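Undergrad: 3D model of this:
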Amino acid sequence: MNGELIVFATLFGTLVLFIYGRWRYDVVAILALLTLAVLKIVPPAEAFTGFGHPAVVTVAAVLVVGRGMLNSGLVDVIAAAMLRLSTRPTVQVSVMGAIITGCSAFMNNIGALAIFMPVALQMSRKSERSPYYL
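TA: Below is the predicted model:
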């Protein structure tokens with residue numbers, strides 16, 4: 001089996017496991033990386049060097065901060081305050097966009113968005129609307 005087919009098969013299997021949702025996404029991602037390293041598609045000595053890249057560190061930090069906000073109850077407080085402003089999706093999206101824009105002036109855009117992602121999901125749950133609308 002050539003390298004391209006192995007990569008596509010690994011990607012397909014990873015996507016199936018992500019959709020299936022039985023295993024945590026980090027476990028699935030590490031399994032995909034290990035699969036490619038064992039099959040020598042990715043050089044084993046370099047398999048984990050990507051974890052030092054600033055983008056990976058940023059995403060990991062954002063996930064930690066987002067979970068901390070969720071566990072501390074801050075997400076509930078922010079979502080409740082925003083829902084008091086209006087129940088209309090247009091107003092909610094506008095307010096959320098303005099807040100994220102303000103945060104983006106002082107921090108990484110991805111970080112600002114990811115920190116407020118749990119707020120948007122909580123607002124959609126409380127307003128009994130699909131997250132698609134926010």
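
Undergrad: buried set for the worst-scoring helix or strand of the chain on mean pLDDT?
TA: When each helix and strand of the chain is scored by mean pLDDT, DSSP states H and E, helix 109-126 comes last, with a mean of 81. Buried residues in helix 109-126, counted by 16 or more other CB atoms under 10 Å: G111, A112, A114, I115, F116, M117, P118, V119, A120, Q122, M123, S124. (Each C-beta comes from the backbone N, C-alpha and C, glycine too.)

Undergrad: ok, now stretch 95-111?
TA: For stretch 95-111, a neighbour-count test (16+ other CB under 10 Å) marks M96, I99, I100, C103, N108, G111 as buried.

Undergrad: can you give me phi and psi for the fourth one?
TA: So that's C103. Phi and psi for C103, reported as degrees, to the nearest 10, are phi -60, psi -40.

Undergrad: tell me where the protein has helices.
TA: With DSSP state H as the definition, the chain shows helices at residue ranges 3-20, 25-38, 54-72, 74-85, 89-104, 109-126.

Undergrad: min pLDDT across the buried residues of stretch 95-111, which one?
TA: The lowest pLDDT within the buried residues of stretch 95-111 belongs to G111, with 75.

Undergrad: so what's the closest residue to S104 other than its chain neighbours up against?
TA: In space, S104 comes closest to A112 once its chain neighbours are excluded; the distance is 4.6 Å by CB to CB, 6 or more residues apart in numbering. A112 sits next to I100, C103, S104 when contact means CB atoms under 8 Å, 6 or more residues apart in numbering.
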